[in-house]
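>>> Got a predicted structure here, sequence first:
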Amino acid sequence: MLGMSANSVSYNEQGSVESGVDAAQENSSIPASISSGGAASSLFSADYKKNEDLKEMLESNKESLKLEAMKRIVGLIAKGKNASELFPAVVKNVASKNIELKKLVYVYLVRYAEEQQDLALLSISTFQRALKDPNQLIRASALRVLSSIRVPIIVPIMMLAIKEAATDLSPYVRKTAAHAIQKLFSLDPDQKEHLIEVIEKLLKDKSTLVAGSVVMAFEEVCPDRIDLIHKNYRKLCNLLVDVEEWGQVVIIHMLTRYARTQFVSPWREDAVFDENSEKAFYDSEEERRVDQSKPYIMDPDHRLLLRNTKPLLQSRNTAVVMAVSQLYWHLSPKHELSIITKSLVRLLRSHREVQYIVLQNIATMSIQRKGMFEPFMKSFYVRSTDATHIKTLKLEILTNLANEANISTILREFQTYVKSQDKAFAAATIQAIGCCATNISEVTDTCLNGLVLLLSNRDETVVAESVVVIKKLLQTQPSQHSDIIKHMAKLFDNITVPMARASILWLMGEYCEHVPKIAPDVLRKMAKTFTDEEDIVKLQIVNLAAKLYLTNSKQTKLLTQYILNLGKYDQNYDIRDRTRFIRQLIVPNEKSGALSKYARRILMAPKPAPVLQSAFKDRDRFQLGTLSHTLNSQASGYLELSDWPAVAPDQSVRNVEVVEPVKEAGAPALSKSKPAKSNEKFYSDSEEEEGEEEEGSNSEDSSSSSSEESVRESESEENSNDSNKSSSSQSEKSSSESDSEKKKKTLKNKKLQQQKPDSKDRKQKNGNAVKVESRSESESGSESSSSESSSESRSELDSDSDSGTDQKKNTKPKPVQSKPVIKVEKKEVSLLDLDDFSPAPVTTPKSSILSPNLLSDLQGLLISPTASALQASSPVFVPETSHELLHRMTGKGLSAQYRFTRQPCIYGNSMVSLQLTLSNRTDQALENIHISEKSSTGQNIHRFNAIERLEPQASVTVSMGVDFNDSTQTANFQLCTKEDEFSVSIQPAVGELLLPITMSEADFTKEQGKLVGMNESSATITITPENVSSQSVNRKVVSVANLGVIPSGQENIYRFAGKTVSSGSLVLVSVALKDPDAMITINTEKTVMGSMLLRQVKTALTNSGP
Amino acid sequence: MIHSLFLINASGDIFLEKHWKSVVSRSVCDYFFEALERATEPENVPPVIPTPHHFLINVLRHRIYFVAVIQSEVPPLFVIEFLHRVVDTFQDYFGVCTEAAIKDNVVVVYELLEEMLDNGFPLATESNILKELIKPPTILRTVVNTITGSTNVGEQLPTGQLSVVPWRRTGVKYTNNEAYFDVVEEIDAIIDKSGSTITAEIQGVVDACVKLTGMPDLTLSFMNPRLLDDVSFHPCVRFKRWEAERILSFIPPDGNFRLLSYHVSSQNLVAIPVYVKHNISFREGSSQGRFELTLGPKQTMGKAVESVLVSSQLPRGVLNANLNPSQGTYTFDPVTKLLSWDVGKINPQKLPSLKGSMSLQTGASKPDENPTINIQFKIQQLAISGLKVNRLDMYGEKYKPFKGIKYMTKAGKFQNDCHLLVIQKLAG
């Protein structure tokens, strides 16, 4: 009681001594916990006293006193204290003129009206009056409070108010009405039909303010009435960018569901893959694309949705980005999917909680489509500061992403995790290694060896986890691993974790035939310690005994009987049961005759290996980004995403009678995006996308056309024929030019063209005509038609330069035939160009390596690896540049490009690994593409597996290895299709014949000291000013040659190291800057390579540009 | 959507609750407390906790848990993002977001929450709009209010709410028109023992403080926009313009806001501005270990590396460390084994170092790990990615504003096995 009175006193002077209040509260909580009944009544009395005081204040005439009282009451509500006593006093002030007081009264009303229904009715008339107020803010807030008072009697009044507000002139009031719909619905579901009418009306609303709220109401009240959406679909799509963020999320989720019921699947054959992902698990994206058939044409409305949501990937609101991502995941054609990758990875920089959700979704995605995230693998590296659940998710994703090419990198990363101080995390990592080992058969052995090394780790959890994982791995291929089993038997005495001991015993028993000498001995030891073991271990001892008895009864009969006797009197009934069962089974006696015959077959039956699979395997049954997906269990109110319909429902339902620009008061005049205005706009897709693509990096053609133009400008008219020829061949080479240059050129061209359109036009026409002719000798196209088409494109260029270049681009590369054909071609290109939406999988280095030094990596799992001075490292920079191997003209439609991946080659230690991209530019599928067996030169070439079939317009990426013997001699070989053979050659730049290594600065200097005299070549150059910065020196050098950067302590000396691929000789490069000069020194045994490399580094550093 | 919100402090007391629909008993938080108990660290509480009838989604900021109670399916990021927005708003209003600040301003907090959510669905979250509805508390205003009886609450619907630019309030007037932009870049890098970079990324933001009269329409262009690999914008930025011309064109909100955050492609080489040399060794059987650590700048374009803070989690076996810093001060917490060394500014002539011995638990085996070293630092007037603002133009208003740009580079989570953050500022 003492505490109570103190409490009330301090409340009276609340605000003055905050700490006093707290102390009093603490006191009061003590009796409360002792006797709840008494405490409750005393609390009540305390409240009562204090409330008296507040009541007085509320009833006074002074506004300020009332306000003060209300503020204190709100404070009570916030603390969760009961203030319902004051209801009568508070409700009187509902009509107050003071707006703050009024708002606080509203807060109070909404909180307590449900408990004091009768009294709450007193306030209703005030709200009804306020609903007619000229001030829209007051109307809206009256409706908000009225609809928040959960009193069933006023349902009709609410209904009326909502209907009225839904037609209010102010969009803000209409928004409030949309919110009120949900409130009324939860209060009285019987009103559903009337409410749907209001929703239907509000869905037609064109204000961006209302859209989000009404869709929310729709989702809550009648999510199954998609027929209401039809007419508003296009409007919603177009408004989307300008809707406030929260509304965007809701609308996008709703539209995802809608689209799944209205459009046919853009995946087609791909759909098979979805259900049966296991089979296609390792297929690279390209391969999948190959067997996709073309004739699918996307509904323009479907495309509209995809296009209008795309900009929202740049939203600052993570929920919006996630919503768009899930929309693309569920709706877009597979090859467009990669545009969401970057945005999702960006979200990983956000708050911990955001990371958690995003990683979960990525984990689910990465199971089905690892290609999407593989280039961003490093973003999923675990940081020591990450929270545990984040670490586990990252591990999960890394495991999902593992494939032959990147497994060495991933394992190297895992190796550092194993050493983590967070032992639970280390254990999870070992599990992950196990998963990788089963999924990727190439590394099973190396992983296994690595895990065996871990068995001598000092930490027990690590050892135990390793044993468990090894057990699982051995089960998949037991025959050749008796060594490992022996090794584990040796370790057995030192392992104390029961699970691990049990696992080893099980292995002994299962494979006792592989270790006939050791197993009985282990059993002997176990017989001694049987009574001290954990139950799980005891069970396995019995198991082992039984199995040994069956295979080797001579040595183990007595032991087995002894153990069975021990088990018979064990305290645990499971063990007693098991013993009894085993005894009956294996020891022949009269009763059990029938079974014991089969004992061997029962106990020693071959057991299926456990499947190690991702915990996110079954998550894809839920829509991504939802709560249900996060929890992996269906939350209430989860709306199932339907399957694609086999046949698209009528499209015309979405037609709106009056197609008018959907811009009105609510939409920004300076709209961020130009909303699509009419139906025609839907088809203008190709234009926009091509425009985009031109900005992007991978259009060879645009660069070729632009460089052609620039050359043409400088040349005179007479030799334009020649120049065209040369420029076209040159342009092929220059396809690798950097974006910026390309862009600059195009810009320049455009400008020039505008300046002197007339003369230029004529010149161009001629030039073009001649050129086309020269190119299309074999084709039927006539000069006149081709010149016509080019001049047409020219004239378009004047009006709209973007589309002009596009046209040109499309007409150029293909031999000109006749106009209609061009049209068709154009369409095809535009469809195909959708691929260029997604530069990620095409342009990013798909490293195809399976490092031969994997084992050495895993040896690092040992606690103290002997640090070697020379450590192979991953390449600092992988150029995106592709080189032409076979042009599509020479290759009769087959084109091939190669690039150096700069990774160690999986096919042989002395090979350089290459990535080959083969594309089919013809109309027919090409079959059986392979490299001919007979190699024309001496180089040793590892061929890629023959490609059985390459669909028209498809491309595929394969990897191969070539042993160049440390020389820049070209490698010549035959690229064959079913019909043809093409001789091709690869000439490597000297820099590609190297592999980067790291070493310490001291080691570098030491090695450099050994390689002097003949082995040293050096040169002094004047360096261009923009190259002076360390960044650019580094960049230049590593882009020329595949070298590792050596950390340098000196400001002006840069060091790089590598070794030649074939012979492994060291190549050391150092660049010393002495303003304005730079001294390049190269030390290597391979003097020829040294001087060639020197030349290249020199040029790189003296040239300006990127 | 969001049913209720509970604010829980570090010691596990619920100090504020707010309900938007029927009242949910605070006993629902018991499930949260259970999860809190299970988690070893405060950060390890799972963000989404299912309970029999509700779902709890929580975020932890400023050592306060914001726990939202929801009842049915809703995108979890929606709730998380909203909760963070609430925290940002509090910070904007009260300067700090602490338990004390929230308790002191409980009425304003309640009014804000009331405006931000209606029936659990976000209503007004733009700071410009909220500030018109509810004036932020200032000492002056509090005094005036108590004397005159006027209020913090606006009487009119903020015009922004209905206008074409909902993020900007109308009728803005300043005598000094200024626009400041801070380009702040963070380097995140992991560096292995030998000093080679495992990952390095640059993450940057452009924060703006714009105090301009009327309705200015700004364009900001960069010298080298191609550096920006991935960007996300404030809603005010016109996306199409960026796509077509790589120019940021926008009508800014009034006051502070984040215009843009970006990521610099990891394809470009990231220069790491500092290096660490360390030698931490333990001898088998001895109870002593040696500790040596030296820092040095590199590739900083002559700018000073400041506010350097090194921290490292030493192995559990270490009992104490007896070290000698050449500059700055260090602390070692024998309980958490966290070593932190406040270095200050790096002087390239005399590199800071920390040397000494560690005493180990006797009898314990040799610690098996090279501890991770985290480094924090700042570099003023440098954007490590090389991003440069080209120009800022204003249209739509007649006056001439004062424009300023600052660059700064700082370490994010530079880790040796390491992490680092760089800030850039611009003036022009």
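It's in.

>>> give me every residue that touches B:N322.
Neighbouring residues of B:N322 by CB atoms under 8 Å, 6 or more residues apart in numbering or on different chains: B:356-359. In short, each C-beta sits where N, CA and C put it, glycine included.

>>> List the residues that contact the residue nearest to B:P47 when sequence neighbours are not counted.
Closest residue to B:P47 apart from its sequence neighbours, by CB to CB, 6 or more residues apart in numbering or on different chains: A:E353 at 4.0 Å. By CB under 8 Å, 6+ apart, the contact set of A:E353 is B:47, B:57-60, B:80, B:84.

>>> Let me know the average pLDDT across the helix or strand harbouring A:E353.
Per DSSP states H and E: A:E353 is located in helix A:352-368. In this model, helix A:352-368 has a mean pLDDT of 92.

>>> Can you name the next helix or strand after that helix?
helix A:370-373.

>>> can you give me the offset of that next one from its chain's centre?
Relative to its chain's centre, helix A:370-373 lies at 7 Å (CA atoms, centre = their mean, to the nearest Å).

>>> what are the phi and psi angles of the closest residue to chain B within the stretch 401-550 of chain A?
Closest approach between the stretch 401-550 of chain A and chain B, counting by CB to the nearest CB: A:K419, at 5.4 Å. Taking degrees, to the nearest 10, you get phi -80, psi 0 for the backbone angles of A:K419.

>>> can you tell me how far it sits from A:L916?
Distance, A:K419 to A:L916, using CB to CB, to the nearest Å: 39 Å.

>>> Of the two, which one has the most company?
A direct count of neighbours by other CB atoms under 10 Å in any protein chain shown for A:K419 and A:L916 places A:L916 higher, at 23 against 18.

>>> and that one, what element?
Counting by DSSP H and E, A:L916 is found in strand A:912-920.

>>> Alpha carbons of the following helix or strand past that strand, as CSV, please.
Later in the chain than strand A:912-920, the nearest helix or strand by DSSP H and E is strand A:926-931. C-alpha atoms of strand A:926-931 as CSV (Å, rounded to 0.1, in the frame of the first residue of the first chain):
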residue,chain,number,x,y,z
LEU,A,926,23.1,-26.1,-86.3
GLU,A,927,23.9,-29.6,-85.2
ASN,A,928,26.9,-31.3,-83.8
ILE,A,929,29.3,-28.4,-83.3
HIS,A,930,32.7,-29.6,-82.2
ILE,A,931,36.4,-29.2,-82.6
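
>>> What residues does the stretch 1001-1106 of chain A have near chain B?
The stretch 1001-1106 of chain A has residues A:1029-1031, A:1034-1035, A:1038, A:1044-1045, A:1047-1049, A:1051 near chain B, with proximity defined as CB under 8 Å from any CB of the partner chain.

>>> Next one: residue 161, what pLDDT does it get?
In the absence of a named chain, chain A is used. Value for A:A161, per-residue pLDDT: 93.

>>> ah, no, chain B please
57.

>>> Quick check: mean pLDDT of stretch B:304-316?
On average, stretch B:304-316 scores 82.

>>> same question but for stretch A:129-147, I mixed them up
87.

>>> Check stretch A:175-186 too.
Mean predicted confidence for stretch A:175-186 is 92.

>>> Can you mark which positions in it are buried?
Neighbour counts using 16 or more other CB atoms under 10 Å in any protein chain shown place A:175-185 of stretch A:175-186 among the buried residues.

>>> List of residues touching it?
Here stretch A:175-186 has contacts from A:140-141, A:143-144, A:146-148, A:150, A:155, A:158-159, A:161-162, A:165-166, A:168, A:191-192, A:195, A:198-199, A:202, A:207, A:209-210, A:213-214, A:216-217, A:220-221, B:21, B:118-119, B:121, B:123, using CB under 8 Å, 6+ apart.

>>> at 6 Å what do you get?
A:140, A:143-144, A:147, A:158, A:162, A:165-166, A:191, A:195, A:198, A:202, A:209-210, A:213-214, A:217, A:220-221, B:118-119 (CB atoms under 6 Å, 6 or more residues apart in numbering or on different chains).

>>> Are we agreed that B:D393 is in a strand?
Yes - assessed with DSSP: H, G, I helix; E, B strand; the rest coil, B:D393 lies in a strand.

>>> do you know how far the closest residue to A:K132 other than its chain neighbours is from A:T476?
Distances taken as CB to CB, 6+ apart put A:R139 closest to A:K132, at 7.5 Å, once the chain neighbours are dropped. Distance, A:R139 to A:T476, by CB to CB: 71 Å.

>>> more neighbours, those two?
The residue with more neighbours, out of A:R139 and A:T476, is A:R139; 23 against 16, by other CB under 10 Å.

>>> Give me the next element, helix or strand, following the helix or strand containing the more buried one.
In the assignment (DSSP H and E), A:R139 maps to helix A:136-148. Downstream of helix A:136-148, the next assigned helix or strand under DSSP H and E is helix A:155-166.

>>> now check that following helix, is it near chain B?
No - shown here: helix A:155-166 not in contact with chain B (CB under 6 Å from any CB of the partner chain), separated by at least 12.7 Å.

>>> other SSEs contacting that helix?
helix A:136-148, helix A:171-187, helix A:192-203 (3 or more CB pairs under 6 Å, 6 or more residues apart in numbering or on different chains; DSSP states H and E).

>>> If you average the pLDDT over stretch B:276-293, what comes out?
78.

>>> ok, is that stretch in contact with chain A or not?
No - against chain A, stretch B:276-293 shows no contacts by CB under 6 Å from any CB, the least distance being 8.3 Å.

>>> quick one: A:V463 and A:S456 touch, right?
No - using CB atoms under 6 Å as the test, A:V463 is too far from A:S456 to be in contact (7.9 Å).

>>> Which one of those two is surrounded by more residues?
Between A:V463 and A:S456, counted using other CB under 10 Å, A:V463 has the larger neighbour count: 21 against 13.

>>> Run the chain-centre distance for the strand or helix carrying the more buried one.
Following DSSP H and E, one finds A:V463 within helix A:460-476. Offset of helix A:460-476 from its chain centre (CA atoms, centre = their mean): 30 Å.

>>> Run through the stretch 101-250 of chain B and note the low-pLDDT ranges.
Counting by pLDDT under 70, the stretch 101-250 of chain B shows low-confidence ranges at B:138-164, B:195.

>>> If I look at the spatially closest residue to A:G893 that is not a sequence neighbour, what pLDDT would I see?
Once flanking residues are discounted, A:G893 sits nearest to A:T922: 3.2 Å by CB to CB, 6+ apart. A:T922 is assigned 79 on the pLDDT scale.
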